[in-house]
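**Q** Sequence first, predicted coordinates after that:
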Amino acid sequence: MLAITAIAIIAMRNILSVVMLGGIYSLISATLFVVLDAVDVAFTEAAVGAGISTVLFLSALAITGKHQALTRKNHIAPLFVVLVTGAGLIYSTSDMPAFGDPQAPIHTHVAPRYIEQSGQEIGIPNIVTSVLASYRSFDTLGEVVVVFTALIAVLLLLGINRGSRRDDL
Amino acid sequence: MIDYLINHYNYWVSILLMMAGLYIVIDHTNLIKKLIGLNIFQTSVFILFISMGKVDGGTAPILEQGYSSFSNPLPHVLILTAIVVSVATTAVGLALVVNINRCFQSIDEQEIEKIELEEE
């Protein structure tokens, strides 16, 4: 499903339908996250990825005009680069642990401690929340700083040249 | 052989999506479409991380009586942060696109190149 949507996005010429397909793509990936047990990630993706991103893209389109032609360059060189990179990556996956394997290295080092102890130490049943807000709260603070910086950058970009045209630059 | 295919299917899906995103970024000249390609690329990385956190027979990592096997909560935490940051970067990218459009009246790379050549 995701692959079909991604390929449809490549093929679409109308920029508005590309943006809408992008929203659908986010929503499908959110359902995939539910299937993979990542419920917190799923509702963040559905709210932020499918919701806010799509609104941002639509408002950018409203400013720039949606009747932009989608011209394309030479296909062969990019296709070649993509295929070679993809083949290299697929070759490298042969060393990766099998899907769902409980003995994979990722499940044997840090995670068991969180799963066993976070209940007593933090007292929140949701392990993702207790790691995010307590063990790794400085990470989350850093994330807030990043979002704040992005907000300032957007305001500067959109506000500082307001009304001026290219000849002023 | 079939086992190998099923066990590595998740990696291949995320690589396919990653390459689709990369192809859009390289091949398309419309800047908004390039940003959508970047978003697809990012989502593929999210899927890679989340699928690695899945444990067979595990449930969502919420402590509740009657469940003892959970999927790995760490990738979930990382990706939660990454999703929010990705929206922030998308917003900055779109602001840049809007500014480019303000200067050139176009968001197509090739047209912008033409305009710059004419000016020289």
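**A** Structure received.
**Q** what about the closest residue in space to residue A:130 that isn't next to it in sequence, neighbour count?
**A** In space, and not counting its chain neighbours, residue A:130 is closest to residue A:122: 4.0 Å by CB to CB, 6 or more residues apart in numbering or on different chains. In short, each C-beta sits where N, CA and C put it, glycine included. Residue A:122 has 17 neighbouring residues, counting by other CB atoms under 10 Å in any protein chain shown.
**Q** And residue A:122, its phi and psi?
**A** Backbone torsions of residue A:122, given as degrees, to the nearest 10, read phi -100, psi -40.
**Q** So it sits against residue A:134, correct?
**A** Yes - with contact defined as CB atoms under 8 Å, residue A:122 reaches residue A:134; the gap is 5.1 Å.
**Q** if you average pLDDT over stretch A:80-88, what comes out?
**A** The pLDDT scores in stretch A:80-88 average 86.
**Q** likewise stretch A:149-160?
**A** Here stretch A:149-160 scores 84 as its mean pLDDT.
**Q** Pull out the buried residues from that stretch.
**A** In terms of neighbour count (16 or more other CB atoms under 10 Å in any protein chain shown), stretch A:149-160 has its buried residues at A:150, A:153, A:154, A:157, A:158.
**Q** The second one falls within a helix, correct?
**A** Going back to what we said before, that points to residue A:153. Yes - remark: residue A:153 belongs to a helix, assigned using DSSP: H, G, I helix; E, B strand; the rest coil.
**Q** how far away is the nearest residue to it once chain neighbours are set aside from residue A:152?
**A** Closest residue to residue A:153 apart from its sequence neighbours, by CB to CB, 6+ apart: residue B:92 at 4.9 Å. Distance of residue B:92 to residue A:152, computed by CB to CB, to the nearest Å: 10 Å.
**Q** same thing with residue B:107?
**A** Distance from residue B:107 to residue A:152, by CB to CB: 23 Å.
**Q** and if you look at residue B:50?
**A** Distance of residue B:50 to residue A:152, computed by CB to CB: 31 Å.
**Q** Need the residues touching each of residue A:122 and residue A:134.
**A** Between them, residue A:122 and residue A:134 share no contacting residue under CB atoms under 8 Å, 6 or more residues apart in numbering or on different chains.
**Q** Show the residue spans covered by the helices in chain A.
**A** Per DSSP state H, chain A carries helices over the ranges A:2-11, A:15-35, A:39-44, A:54-64, A:76-92, A:111-121, A:127-130, A:137-159.
**Q** Determine which stretch of those is the most buried.
**A** Stretch with highest mean neighbour count among the helices of chain A: helix A:127-130 (a mean of 23; mean count of other CB atoms under 10 Å in any protein chain shown).
**Q** So which elements touch it?
**A** Helix A:127-130 makes packing contacts with helix A:111-121, helix B:73-104 when contacts are defined by 3 or more CB pairs under 8 Å, 6 or more residues apart in numbering or on different chains; DSSP states H and E.
**Q** Now the longest one: buried residues?
**A** In this case it means helix B:73-104. Those would be B:73-98, B:100-104, for helix B:73-104 by 16+ other CB under 10 Å.
**Q** packing partners for it?
**A** Here helix B:73-104 touches helix A:39-44, helix A:54-64, helix A:111-121, helix A:127-130, helix A:137-159, helix B:31-53, helix B:109-119, going by 3+ CB pairs under 8 Å, 6+ apart.
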